[in-house]
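Participant: How does the following fold in three dimensions:
(one chain, ligands or ions: 1)
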Amino acid sequence: MSLHEAMLYEKQPDNKVKCCLCARRCLINDGATGFCLVRKNEGGTLYSLVYAKAVSACVDPIGKKPLSHFNPGALVMSIAAAGCNFRCQFCDNWMISQEKEVPGRHFPPEEVVKTARDGNCQGISYTYTEPTIFMEYAYDTAKLARELGFFNTFVTNGYMTPEAVRTIAPYLDAATVDFKGGGDPDFYKTVSAVPSVDPIYEALKELKRNGVHIEITNLIIPKIGDSINRIKELATWIKDNIGAETPFHLLRFHPDYKMTTIPATSIETLEKAYMTAKELGLPYTYIGNVPGHPAENTYCPSCNELLIKRHSFEITKWNLTKDKRCPVCGREIPIKGPLHPSGYSLPYSLF
Ligand code: SF4
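Facilitator: Numbering: from 1, shown residues only. I've put the predicted structure just below:
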C-alpha cells in the first residue's frame, strides 16, 4: 500500500483528523478510513491511498466527457483512481468506484503526461470515478501537464468543498459537473447516499468564480429521477447562477449495477426535458447517450443553423467560421479553446 500525505485536512484532538476535500468532511479516527475508503488516518496524519495508483487509463475524444464547448474535437488522456464519495445504485463504473480494496497500478504524473503526448492528446481528464477524492494525484498531474502545455478537465459529481475547488482551480481548465435525477434531494439521499445537494451548487458557483469552463449533465432515470419540474428548477438555477450559455447535457440512463430492473430512459422523456430546458433559456442543451439523435448537434440560437454535427463522441461536420461564429448570421458561439477538426479517434483503453 503506498501512502502519500493528504491535502486539505485538519488535525483534531485524540489523533483524529477532519478531511476537507469533499463536502462529507469526514471526521476520521486513528487507523480508520473516510467514507470514500481511499483516505486513511495513520497516527493523526491523513494519507491518500491512491496517489499515482491509476485504476483506468484511456484515450478518449473530449465529447465523451461530455464537453461540447471546450476544445471540440480534442483527445484527452483519461485517468481514474479507485473509490468514490457517493454510493449511486446505478453507477456504470461501479467496478472501480465501489471497490472495498484499493486496486490500481503505479502510474505517476510524469508517466501520465508522457503517455498523453504519445497518444497525441491535447489534455488530461480526471474522470470515471470521483477526481475530488484523488486530489493529490490529480493536482500533481495537472500542474505538470499545464507546464507542458496540456489542458486539464474534471468530470465530477460536484460534491467538493470550496477550498478543494480553489486548490485545483489554478490548473483546471474545464469541469463537467454531473447531476442525477434533476438534483432532487430525496433522490440523492435514497439512491446515492448523499445527505445534501447544496454543496454541489456552492461548488459550481466557486468553479465559476475561479474562471473554470463548466458544462453540466443530468442523468434522467425513469420513474425515480425524471421529474420535469426538477428539470425546470435545475435549468432555471443554471441560467440564473452559471449563465444561459452553459452547455446542459440530458443523459439517457441505462440499467446497471444495482438498478437493472429500471428500463432505459425513453426518447420521448429526453426530448420533453430537452425542449423544456431550451424554452427556459438554455440554448446549448443536448441529449446524450442516444447516438445519432439530432439533439447531439450544436445549433445557432439566433438562426438555428446546424453548426457542429455529432454522432456519439465524433464530430461529423463542422460549420463554424474560424473565429467561432455562425456562418449564416454571424452570432458568436461560446466555445473555449481551439477547434480540433482532425482530432477524432475511437476511445481506446490502455488499462
Ligand atoms: S474525500 Fe473521502 S475522506 Fe475526505 S471527506 Fe470526502 S469521503 Fe470523507
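Participant: Quick one: mean pLDDT for stretch 257-277?
Facilitator: Predicted confidence along stretch 257-277 averages 93 (mean pLDDT).
Participant: how far does it sit from the chain's center?
Facilitator: Relative to the chain's own centre, stretch 257-277 is displaced by 20 Å; criterion: Cα atoms, centre = their mean, to the nearest Å.
Participant: Touching it from outside, list them.
Facilitator: Contacts of stretch 257-277 with the rest of the structure, by Cβ atoms under 8 Å, 6 or more residues apart in numbering, involve 88-92, 94, 98, 218, 220-224, 226, 228, 231-232, 235, 248, 250, 252-255, 285-287, 290, 293, 295. Bear in mind the C-beta positions are built from the backbone N, C-alpha and C, glycine included.
Participant: from these, which are also near the ligand?
Facilitator: Of the residues in the contacts of stretch 257-277, proximity to the ligand by Cβ under 6 Å from any ligand atom holds for none.
Participant: where does the residue in the stretch 151-300 of the chain positioned nearest to the ligand land on pLDDT?
Facilitator: As assessed by Cβ to the nearest ligand atom, the ligand sits closest to Tyr159 within the stretch 151-300 of the chain, at 7.7 Å. Predicted confidence (pLDDT) at Tyr159: the value is 98.
Participant: can you check Gln12 too?
Facilitator: We note a pLDDT of 98 for Gln12 in this prediction.
Participant: Over to Leu3?
Facilitator: Residue-level confidence at Leu3 comes out at 82, pLDDT.
Participant: Could you give the secondary structure assignment for the closest residue to it other than its chain neighbours?
Facilitator: Nearest residue to Leu3, sequence neighbours excluded (Cβ to Cβ, 6 or more residues apart in numbering): Tyr47, at 4.2 Å. Recorded secondary structure, Tyr47: strand (DSSP: H, G, I helix; E, B strand; the rest coil).
Participant: swap in Ile287?
Facilitator: strand.
Participant: Can you get me a residue count around it?
Facilitator: 21 (other Cβ atoms under 10 Å).
Participant: Who is it paired with across the strands?
Facilitator: Leu250 (DSSP bridges).
Participant: From Pro294, how far off is it?
Facilitator: Per Cβ to Cβ, to the nearest Å, Ile287 is found 9 Å from Pro294.
Participant: Then Cys121?
Facilitator: Relative to Pro294, Cys121 is positioned 29 Å away (Cβ to Cβ).
Participant: And these two? Which one has more around it.
Facilitator: Between Cys121 and Pro294, counted using other Cβ under 10 Å, Cys121 has the larger neighbour count: 24 against 13.
Participant: Go ahead and confirm the more buried one touches Cys58.
Facilitator: No. With contact defined as Cβ atoms under 8 Å, Cys121 does not count as touching Cys58 (10.4 Å).
Participant: Now list whatever residues contact both of those two.
Facilitator: When Cβ under 8 Å, 6+ apart defines a contact, the residues bordering Cys121 and Cys58 alike are Met77.
Participant: burial count for the residue nearest to Thr285 when sequence neighbours are not counted?
Facilitator: What sits nearest to Thr285 in space, not counting adjacent residues and going by Cβ to Cβ, 6+ apart, is Ala277, at 4.2 Å. Other residues lying near Ala277 total 25 when counted by other Cβ under 10 Å.
Participant: How far off centre is the one helix or strand Ala277 maps to?
Facilitator: If you go by DSSP states H and E, Ala277 is part of helix 267-279. For helix 267-279, the distance between its averaged C-alpha position and the chain's averaged C-alpha position is 22 Å (Cα atoms, centre = their mean).
Participant: what does stretch 221-236 give?
Facilitator: Centre-to-centre, stretch 221-236 and its host chain are 19 Å apart (Cα atoms, centre = their mean).
Participant: Begin at 707, not 1, for the rest of this chat.
Facilitator: Renumbered: residue one is now 707, and that last one reads stretch 927-942.
Participant: okay, it in PDB with CA atoms only?
Facilitator: What follows is stretch 927-942, C-alpha atoms only, in PDB (Å, rounded to 0.1, in the frame of the first residue of the first chain):
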ATOM      1  CA  ILE A 927     -33.700   7.900 -14.600                       C
ATOM      2  CA  PRO A 928     -37.200   6.600 -15.400                       C
ATOM      3  CA  LYS A 929     -39.800   6.900 -12.500                       C
ATOM      4  CA  ILE A 930     -37.400   7.800  -9.700                       C
ATOM      5  CA  GLY A 931     -35.500  10.700 -11.300                       C
ATOM      6  CA  ASP A 932     -37.400  12.000 -14.300                       C
ATOM      7  CA  SER A 933     -39.500  14.800 -12.900                       C
ATOM      8  CA  ILE A 934     -40.000  17.600 -15.400                       C
ATOM      9  CA  ASN A 935     -40.400  20.000 -12.500                       C
ATOM     10  CA  ARG A 936     -36.900  19.100 -11.300                       C
ATOM     11  CA  ILE A 937     -35.500  19.700 -14.800                       C
ATOM     12  CA  LYS A 938     -37.200  23.100 -14.800                       C
ATOM     13  CA  GLU A 939     -35.700  24.000 -11.400                       C
ATOM     14  CA  LEU A 940     -32.300  22.800 -12.400                       C
ATOM     15  CA  ALA A 941     -32.300  24.600 -15.700                       C
ATOM     16  CA  THR A 942     -33.500  27.800 -14.100                       C
END
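Participant: Show residues contacting it.
Facilitator: Contacts made with stretch 927-942 from outside it, assessed by Cβ under 8 Å, 6+ apart, are listed as 796, 885-890, 893, 897, 924-926, 954, 956, 959, 965, 968-972, 975, 978-979, 982-983, 986-988, 991.
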